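[1] what follows is a predicted structure for the sequence shown.
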Amino acid sequence: MNIKRQIKLLVMKIQITSLIIMGLLLAANTESASDNTKSTKTKITETSVSKSIFGQMPDGRQVYQYTLVNTNGMIVKLINYGATVTELHVPDKKGNFADVVLGFDNLEQYLGQHPYFGATVGRVANRIAKGKFTLDGKTYTLATNDGPNHLHGGIKGFNRVLWDSEPIVGPGLAAVKFTYLSPDGEEGYPGNLSVTVVYMLTDQNELKIEYFATTDKPTIVNLTHHGYFNLAGKGDILGHEIMIAADNYTPVDETLIPTGEIKPVKNTPMDFTKPMTIGSRIDQLKGNPGGYDHNYVLNSGGKNLTLAVRVKEPKSGRVMELYTTEPGIQFYTGNFLDGSIKGKYNTVYKKHAGFCVEADHFPDSANKTNFPSIVLRPGQTYHQLTVHKFLTE
Ligand code: BGC
C-alpha cells in the first residue's frame, strides 16, 4: 500500500471514529432531550406557555402564536394579531377534548375578511350610530364600516392590529399579556389610548380575560372578546341550553342600533333567565337574517364579578360559565355566517355554527345618556375582568 493510500485510510478511520463519537454525543443529547421531553411531559401536567411563529404581516413583522396548557390538559392558543384566541380545547364529560371555538389555522385567513373570530375588539365594541358621538361639546366622526354605522372599532379596529405580546407563567397560571398603543385620532377616536389585555388560563379550567386602558384625552372605550363558541365542537349551536342572568334587554332598530328603551324579556323569546335551548324560540325573532343579536342588561349592573351566562351542550356535557364585571352581554348566534367561510379542520361555517357572548357595555352607549357611560378621562383606568369557566355535567 502506498503512503498516500495509507494516509487516506487513516483519515477515513479518524472521520469514522469522530462520526461515531458525534453519534454517541447526539444519542446522549437525544437521551437528555427525551429526558427533557419526559420532564416537559411532567411539565405539561404543569401549566405552561410556549411560543412559535404563526406567520408574517405584509410589512414583514412576525406574528406569534402562544400555546397555554394547564394541568388538566386544557389548551388555549392565541396570536398577537388582533390578540386573538385561535383554538380552545376543553374536555367533555368522558374526558374527550374538542376545540370549541371557530377560527382559522393560518394568518392569511385572519388577515382577510372574517367576522371577528376570537378577536379582542375595540376601541368601542358593537355599533355607534352613524359613526358619530359628542363628548364635552365636541362631535367626533368615526370610520363607518357597517352600513351607516361604526362597528367594533372601525375599519382597522384592535382586531386588525399587531399587539406587543409577552408570555407569563406562574403557579397554576399560564398567560399572555398583550399591549397596544392606539394613537390619537385612530379610526376617529380622540386621545392616545394605552391598552393592556391579559388572557390567562388557570388550573380551574378558566380562561380569564383582564383589560386595562388609560388615555391622555377624554375618549370612549368599550372592549370585548369576540369568541364564537360551539361546545359540541361541530354542527350548529341551536341545541345548546343557555341561561342569561338578565331580566331586561335593549331593543334595536333595523340597523341594529338600540332604540334607547330597556325592555323586560319576560314572556318574549328573549327570556333566558331560566335555561332554554338557543333554538327553541329563535324562529319567532323578526329581522333579516334573524336570530339573536341583542344586548342583555345584566341584573348585576356590572362592577362586581358575577355569573352572567351559563351554556350547556347536552350531548357532550360541556358547560361554559361566564362571569363578568361588565353590565351587558351581546348575545349573537352567528346569524351572518352563511357557509362562505371555511375554517380550521376544513369546517364550513354555516348560519348558527357558533354563538358569541360578548361581555361589554351596551351598543351605542356613546349616544345614549340613559346607558352606563363608556367615557374614559385622563387619570382614570378602564378595567374589565371576564372569566370563561369550563366544566362538565
Ligand atoms: C354583532 C353582530 C355582528 C357580529 C360580527 C356581533 O358582535 O352584534 O351584529 O354581525 O358581531 O361582526
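    Perfect, thanks for sending it.
[2] going forward, measure contacts between C-alpha atoms and count neighbours the same way
    Noted.
[3] check the gap between the residue in the chain positioned nearest to the ligand and Ile341 for me.
    Using C-alpha to the nearest ligand atom, the single residue of the chain nearest to the ligand is Pro115, 4.5 Å away. Distance, Pro115 to Ile341, using C-alpha to C-alpha, to the nearest Å: 10 Å.
[4] same question for Gln384.
    Distance, Gln384 to Ile341, by C-alpha to C-alpha: 31 Å.
[5] what do you get for Thr306?
    Distance of Thr306 to Ile341, computed by C-alpha to C-alpha: 35 Å.
[6] neighbour-wise, which of those two wins?
    Thr306 (20 against 17; other C-alpha atoms under 10 Å).
[7] for this protein, what helix or strand is lowest in average pLDDT?
    helix 3-44 (a mean of 36; mean pLDDT, DSSP states H and E).
[8] what about the most centrally placed residue in the chain, distance to Phe104?
    Nearest to the geometric centre of the chain sits Gly118, at 3.6 Å (C-alpha atoms, centre = their mean). According to C-alpha to C-alpha, Gly118 stands 10 Å off from Phe104.
[9] swap in Tyr64?
    For Tyr64, the distance to Phe104 - C-alpha to C-alpha - is 14 Å.
[10] residues in the chain within reach of the ligand, list them.
    Counting by C-alpha under 6 Å from any ligand atom, the chain comes close to the ligand at Pro115, Asn126, Asp293, Tyr332.
[11] any of the residues you listed buried? List them.
    Neighbour counting with 16 or more other C-alpha atoms under 10 Å marks Asn126, Asp293, Tyr332 as buried within these.
[12] circling back: residues contacting the residue of the chain closest to the ligand?
    Counting by C-alpha atoms under 8 Å, 6 or more residues apart in numbering, Pro115 touches no other residue.
[13] try Leu391
    Taking C-alpha under 8 Å, 6+ apart as the test, what Leu391 contacts is Asn205, Arg318, Val319, Met320.
[14] 7 Å instead?
    Leu391 is in contact with Arg318, Val319, Met320, counting by C-alpha atoms under 7 Å, 6 or more residues apart in numbering.
[15] how many neighbouring residues does the first one have?
    The one in question is Arg318. Neighbourhood size, Arg318 [other C-alpha under 10 Å]: 25.
[16] for it, give me the pLDDT.
    Note for Arg318: predicted pLDDT of 98.
[17] spatially nearest residue to it (excluding sequence neighbours)?
    Nearest non-adjacent residue to Arg318, counting by C-alpha to C-alpha, 6 or more residues apart in numbering: Thr392, 4.6 Å away.
[18] could you list every residue that touches the one you found?
    So Thr392 contacts Asp92, Lys93, Gly317, Arg318, Val319 (C-alpha under 7 Å, 6+ apart).
[19] burial measure for the second one, as a count.
    Spelled out, that is Lys93. Neighbours of Lys93 using other C-alpha under 10 Å come to 14.
[20] in what helix or strand does it lie?
    Lys93 is part of no helix or strand when elements are defined by DSSP states H and E.
[21] low-confidence ranges in the chain?
    Counting by pLDDT under 70, the chain contains low-confidence ranges at 1-45.
[22] now do the helices in it.
    Using DSSP state H, the helices of the chain run over 3-44, 107-111.
[23] counting by contacts, list what the last one packs against.
    The contact analysis (3 or more C-alpha pairs under 7 Å, 6 or more residues apart in numbering; DSSP states H and E) places helix 107-111 against no helix or strand.
[24] try 8 Å
    Helices and strands touching helix 107-111, as assessed by 3 or more C-alpha pairs under 8 Å, 6 or more residues apart in numbering; DSSP states H and E, comprise strand 48-56.
[25] as PDB, could you dump the C-alpha coordinates of stretch 69-87?
    Extracted in PDB, the C-alpha atoms of stretch 69-87 (Å, rounded to 0.1, in the frame of the first residue of the first chain):
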ATOM      1  CA  VAL A  69     -51.600  24.400  28.700                       C
ATOM      2  CA  ASN A  70     -52.900  23.700  32.100                       C
ATOM      3  CA  THR A  71     -52.600  20.600  34.400                       C
ATOM      4  CA  ASN A  72     -55.900  19.200  33.100                       C
ATOM      5  CA  GLY A  73     -54.600  19.300  29.500                       C
ATOM      6  CA  MET A  74     -56.800  22.200  28.500                       C
ATOM      7  CA  ILE A  75     -55.200  24.200  25.700                       C
ATOM      8  CA  VAL A  76     -55.700  27.800  24.600                       C
ATOM      9  CA  LYS A  77     -53.900  29.100  21.500                       C
ATOM     10  CA  LEU A  78     -53.600  32.800  20.900                       C
ATOM     11  CA  ILE A  79     -51.900  35.000  18.300                       C
ATOM     12  CA  ASN A  80     -50.800  38.600  18.700                       C
ATOM     13  CA  TYR A  81     -52.600  39.700  15.500                       C
ATOM     14  CA  GLY A  82     -55.800  41.100  16.900                       C
ATOM     15  CA  ALA A  83     -54.900  39.500  20.400                       C
ATOM     16  CA  THR A  84     -57.000  36.600  19.000                       C
ATOM     17  CA  VAL A  85     -57.900  33.200  20.500                       C
ATOM     18  CA  THR A  86     -57.400  30.700  17.700                       C
ATOM     19  CA  GLU A  87     -58.000  27.400  19.500                       C
END
